[in-house]
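Peer 1: can't give you the sequence, but here's the structure:
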């Protein structure tokens with residue numbers, strides 16, 4: 001263990017820098033090294049950490065109570081594709097005007113989607129009416 005002045009003298013003698021590696025330790029840990037090289041290595045570590053992160057997006061599929069069977073099947077194919085890409089899916093049934101009186105039709109639509117996707121997904125949030133929209137959130141099985 002060197003004093004600060006001795007460590008600075010040693011670093012300048014060898015043409016390097018005195019770098020504080022762990023400031024929270026008691027006493028703080030310092031190294032004699034090239035500071036530019038140290039910063040470069042730190043930035044590379046950050047880049048590798050960013051690459052290994054997985055970003056989960058939430059995709060939204062919108063339906064109406066009057067959505068026909070074929071259109072619903074196409075939407076289910078889209079949901080399956082999103083789940084294969086490891087994205088969460090928010091299924092929304094939108095009620096306009098007087099359609100809000102027929103929430104049971106929207107709930108039936110949600111139930112048919114759940115039945116079609118029972119093997120591919122986990123239901124994070126059951127169908128729930130929020131204002132004029134009925135929302136269900138699905139996530140991929142791991």
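Peer 2: Cool, the structure landed. Bear in mind the structure is a predicted one, so any value in this text is a computation, not a measurement. Numbers count the residues shown, from 1 in each chain.
Peer 1: and the gap between residue 12 and residue 51?
Peer 2: Per CB to CB, to the nearest Å, residue 12 is found 38 Å from residue 51. For glycine as for every other residue, the C-beta is placed from the backbone atoms N, C-alpha and C.
Peer 1: setting aside sequence neighbours, what's the nearest residue to residue 17?
Peer 2: Spatial nearest neighbour of residue 17, excluding adjacent residues (CB to CB, 6 or more residues apart in numbering): residue 35 at 4.0 Å.
Peer 1: what residue ranges in the chain are flagged as low confidence?
Peer 2: Counting by pLDDT under 70, the chain shows no low-confidence range.
Peer 1: residue ranges of the helices in it, please?
Peer 2: Assigned by DSSP state H, the helices in the chain fall at 4-14, 35-52, 69-84, 103-116.
Peer 1: highest mean neighbour count out of these?
Peer 2: Stretch with highest mean neighbour count among the helices of the chain: helix 103-116 (a mean of 16; mean count of other CB atoms under 10 Å).
Peer 1: that older thread, save the helices of the chain as JSON lines, and put in distance to residue 127 too.
Peer 2: Formatted as JSON lines, the helices of the chain follow (distance: least, CB to CB, whole Å):
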{"stretch": "helix 4-14", "distance to residue 127": "65"}
{"stretch": "helix 35-52", "distance to residue 127": "35"}
{"stretch": "helix 69-84", "distance to residue 127": "14"}
{"stretch": "helix 103-116", "distance to residue 127": "4"}
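Peer 1: and residue 140, which of the ones you listed is closest to it?
Peer 2: helix 69-84 (4.4 Å; CB to CB).
Peer 1: same for the closest one, what does it pack against?
Peer 2: In terms of contacts (3 or more CB pairs under 8 Å, 6 or more residues apart in numbering; DSSP states H and E), helix 69-84 is packed against strand 58-63, strand 88-94, helix 103-116, strand 133-140.
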